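In: sequence-free structure coming up:
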């Protein structure tokens, strides 16, 4: 993996029926977790898709620049709310999808090491249909890690999981994605309070950057400072909506 | 229980048929009863088998060639947008020509042998396969394609690893449809000009007022079609099951 860059997004985006966001200035810290919160429809996913080099409905006028000046899209790994596992392929084939799609060789040793690290070493031959929701997201996480990219974009990856599985996944992801530039789009103030090095709340009136609670991520789910930050974030979100 | 219901329905239909024949005293060259048809079917079994084999090979060849052509064209159209824009209207237009009307000309071009019948079956099989498969190839879930994009995937690899597997349920339903249509194509071909096959046998029997033999050939054709349909269905069952996983 090359060094994780910082990323700056600035500009505005227009939808056919109006402005999505304007005068956005988003700084994503290198090798850190930046959490992007905000009500639906303020353009969180659009920003993420811009970084990933994916098409958007909105027309973007501005720039997405990495601190080292190189292209960002080829250095991105992407994980969405839906696990996007191919139902006909085994866990092993899903995790190694990237290499197969590029026509390259699959690094078997690394594949099995990653499966072990997400706790699915014994399930390599299973189909996604035979896995629970939490296990499926762990496969998706392994697939994301298999890409070994310095920038990781997470679009509400844990929002469909139950509370316990979600916090387990947050711990796992936080540990495994260390030293990468992570942008996490989420609806969940608790998630942002636990994981973020930097929190940005996006609303129709603009953006607000917040300092995260003290302590190293992942912060304990019952840590008073974290809970306090979660409460303040929720209050802010309710005002923003 | 479903097969029991089917059996009951068949028994009821046969009984009704026999009752109509017995009660009205309709001559046997107009409507033979089921018992007579069964008897004829048994006594003429060698003749029917011989002609069935011809028709079956026309159907199978037509199905294999038509399905391969249909799937191949669908793949080309899925890969190239400009090919789609040019060829898709042509494809739809070709379906507005009744295949029945083409049969005489195919016989003129390809002769009275196997070729013209296979060509008919190919023509009739091609469209349902091509259009169902193309539809499936163009409906790949957006998330899969986004993921592939972020992985810097090659277009051909995306087609092979994602778009084709995701389209197999659609291909399966196209194939099942064409298994029902292929026998129609072969028999129409035989009607226009042939010296063997079940369609030829039916015409021949009809012309000689051997209506019982006509019915026996008809039921044989129908049995062949049903068997073919279930065979294709069983062969593509795995693909169809995927549809539920993808949705």
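Out: Structure received. Bear in mind that the values here come from a model prediction, so they are computed numbers and not experimental data. Numbers count the residues shown, from 1 in each chain, chains lettered A, B, ... in the order given.

In: what does the average pLDDT come to for stretch A:130-143?
Out: The average pLDDT for stretch A:130-143 rounds to 91.

In: Can you tell me what sits against it?
Out: With contacts defined as C-beta atoms under 8 Å, 6 or more residues apart in numbering or on different chains, stretch A:130-143 is touched by A:79, A:83-85, A:91, A:94-95, A:97-98, A:114-115, A:117-120, A:123, A:128, A:157-158, A:160-162, A:165, A:168-169, A:172-173, A:176. Every C-beta, even on glycine, is put in place using the N, C-alpha and C of the backbone.

In: pLDDT weak spots in chain A?
Out: A:1, A:241 (pLDDT under 70).

In: Show me what the strand ranked longest in it is packed up against.
Out: Ordering each strand of chain A by length in residues (DSSP state E) puts strand A:18-28 first. Under the contact definition 3 or more C-beta pairs under 8 Å, 6 or more residues apart in numbering or on different chains; DSSP states H and E, strand A:18-28 sits against strand A:7-15, helix A:44-52, strand A:198-203, strand A:206-210.

In: if we go to 7 Å?
Out: Judged by 3 or more C-beta pairs under 7 Å, 6 or more residues apart in numbering or on different chains; DSSP states H and E, strand A:18-28 is in contact with strand A:7-15.

In: what angle sits between the strand it packs on and strand A:18-28?
Out: 180 degrees (axes from the mean of the first three to the mean of the last three C-alpha atoms, to 10 degrees).

In: which parts of strand A:7-15 are buried?
Out: A:7, A:9, A:11, A:12, A:13 (16 or more other C-beta atoms under 10 Å in any protein chain shown).

In: just stretch B:2-19 next, same as before
Out: In stretch B:2-19, counting by 16+ other C-beta under 10 Å, buried: residue B:17.

In: What are the contacting residues of it?
Out: Here stretch B:2-19 makes contact (C-beta atoms under 7 Å, 6 or more residues apart in numbering or on different chains) with B:33, B:34, B:35.

In: Mind doing that once more with 6 Å?
Out: Contacts with stretch B:2-19, where a contact means C-beta atoms under 6 Å, 6 or more residues apart in numbering or on different chains, come from B:33, B:34.

In: what mean pLDDT does that stretch have?
Out: For stretch B:2-19, mean pLDDT is 91.

In: All the strands of the chain, residue numbers only.
Out: This is for chain A. Using DSSP E, strands in chain A cover A:7-15, A:18-28, A:33-37, A:59-66, A:76-79, A:151-155, A:181-185, A:198-203, A:206-210.

In: Partner strands of the longest one and their direction?
Out: Neighbouring strands of strand A:18-28 in its sheet, by DSSP bridges, are strand A:7-15 (antiparallel).

In: quick one, the partner strand and strand A:59-66 angle?
Out: Using the same axes, to 10 degrees: strand A:7-15 against strand A:59-66 is 170 degrees.

In: contact partners of strand A:7-15?
Out: Under C-beta under 6 Å, 6+ apart, the answer for strand A:7-15 is A:20-22, A:25-28, A:43, A:46, A:58-66.

In: can we see that at 8 Å?
Out: A:19-28, A:43, A:46-47, A:50-51, A:56-67, A:72, A:151, A:181, A:183.

In: mean confidence score for the helix or strand hosting residue B:170?
Out: Counting by DSSP states H and E, the element that carries residue B:170 is helix B:164-192. In this model, helix B:164-192 has an average pLDDT of 92.

In: Check stretch B:135-147 too.
Out: Per-residue scores along stretch B:135-147 average to 94.

In: which residues sit against that stretch?
Out: A:49, A:52, A:54, A:78, A:80, A:82, A:84, A:86, A:97, B:74-75, B:78, B:158-159, B:162-164, B:166-171, B:246.

In: Give the closest residue to the most centrally placed residue in chain A in space, chain neighbours not counted.
Out: Against the mean C-alpha coordinate of chain A, by C-alpha atoms, centre = their mean, the closest residue is residue A:154 at 1.5 Å. Spatially, and ignoring its direct neighbours in sequence, residue A:154 is nearest to residue A:184 (4.5 Å; C-beta to C-beta, 6 or more residues apart in numbering or on different chains).

In: so who does that neighbour touch?
Out: Contact analysis of residue A:184 by C-beta under 8 Å, 6+ apart lists A:33, A:34, A:35, A:36, A:154, A:157, A:191, A:192, A:195, A:196.

In: Next secondary structure element downstream of the longest helix seen in chain B?
Out: Ranked by number of residues, the top helix in chain B under DSSP state H is helix B:45-79. Counting by DSSP H and E, the next helix or strand C-terminal to helix B:45-79 is helix B:81-96.

In: starting at the chain centroid, how far to that next one?
Out: Relative to its chain's centre, helix B:81-96 lies at 22 Å (C-alpha atoms, centre = their mean, to the nearest Å).

In: what is the rounded mean pLDDT of it?
Out: pLDDT averaged over helix B:81-96 gives 86.

In: what residues does that helix touch?
Out: Against helix B:81-96 from outside (C-beta under 8 Å, 6+ apart): B:73, B:76, B:77, B:78, B:127, B:130, B:131.

In: and the angle from that helix to helix B:45-79?
Out: Using the same axes, to 10 degrees, helix B:81-96 lies at 150 degrees relative to helix B:45-79.

In: buried set for the longest helix seen in chain A?
Out: Counting residues, the longest helix in chain A under DSSP H turns out to be helix A:224-240. Neighbour-count burial for helix A:224-240 flags A:226, A:227, A:229, A:230, A:233, A:236, A:237, A:240 (criterion: 16+ other C-beta under 10 Å).

In: Cool, thanks, signing off.
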